[in-house]
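Peer 1: fold the following and give me the result.
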Amino acid sequence: MSKPSPNIFRLVSHALAGVFNSRAAFHSEWEQASALSSADPLAGRWVGEWISEQSGHRGELRCVMKPTGPSRYQAHFYATFSKWFRVSYTTELSSHQKNGAVQLSGEENLGRLAGGTYRSEGEVRGDQFICQYSCKYDHGSFRLQRSP
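Peer 2: Modelled structure (predicted):
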């Protein structure tokens, strides 16, 4: 099966979204996250990759998870796109226990340039964080592992 040809508008949109987001805030949170409670199964730093099932693109992904309330977390992601672009965004995730894992779900409107509303649903089991994502232009998954 051949890969779909790239849409120049989407490529430019992703590039502009990468230019106009705050990556410095992520780096600050990443450094501070080493002090988050290790008693919380989700709080802290996570590393891995995202993979687009639509285009086959993939890139490095890091995440800082912080509790924001009962069964609520803020996930701050930092992703590479096309090896040159770096994007950072946050999303609120709801959590609940099911079958020995923590189930997570949420959605965040990242703006038109970045593809609109991203929806995510997945789970954390031990030190593995696996999630499916979808938006108007893309869908795929990410796999993360806890990072020291």
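
Peer 1: which stretches of the protein form strands?
Peer 2: Applying DSSP state E to the chain gives strands spanning 44-52, 58-69, 72-81, 85-98, 101-109, 117-125, 128-134, 139-147.

Peer 1: which strands and helices lie in contact with the first one?
Peer 2: Right, the one you point to is strand 44-52. For strand 44-52, the elements it packs on are strand 58-69, strand 128-134, strand 139-147, judged by 3 or more CB pairs under 8 Å, 6 or more residues apart in numbering; DSSP states H and E. (Each C-beta comes from the backbone N, C-alpha and C, glycine too.)

Peer 1: can you find the helix or strand of the protein with the lowest average pLDDT?
Peer 2: Ranking every helix and strand in the chain by mean pLDDT, DSSP states H and E puts helix 8-19 at the bottom, with a mean of 49.

Peer 1: how close does Phe26 get to His139?
Peer 2: Going from Phe26 to His139 by CB to CB, to the nearest Å gives 24 Å.

Peer 1: which one's more surrounded, the two?
Peer 2: Phe26 (22 against 15; other CB atoms under 10 Å).

Peer 1: for the more buried one, which residues are in contact?
Peer 2: Arg62, Val64, His76, Phe77, Tyr78, Ser88 (CB atoms under 8 Å, 6 or more residues apart in numbering).

Peer 1: enumerate the beta-bridge partners assigned to the third one.
Peer 2: If I follow you right, that is His76. Val64, Thr90 (DSSP bridges).

Peer 1: verify the contact between it and Ser88 for me.
Peer 2: Yes - the pair His76 / Ser88 is scored as a contact, 7.1 Å apart, by CB atoms under 8 Å.

Peer 1: mind checking pLDDT for the residue nearest the centre of the chain?
Peer 2: Centroid check for the chain by CA atoms, centre = their mean gives Phe77 as the closest residue, at 4.5 Å. Phe77 carries a pLDDT value of 92.
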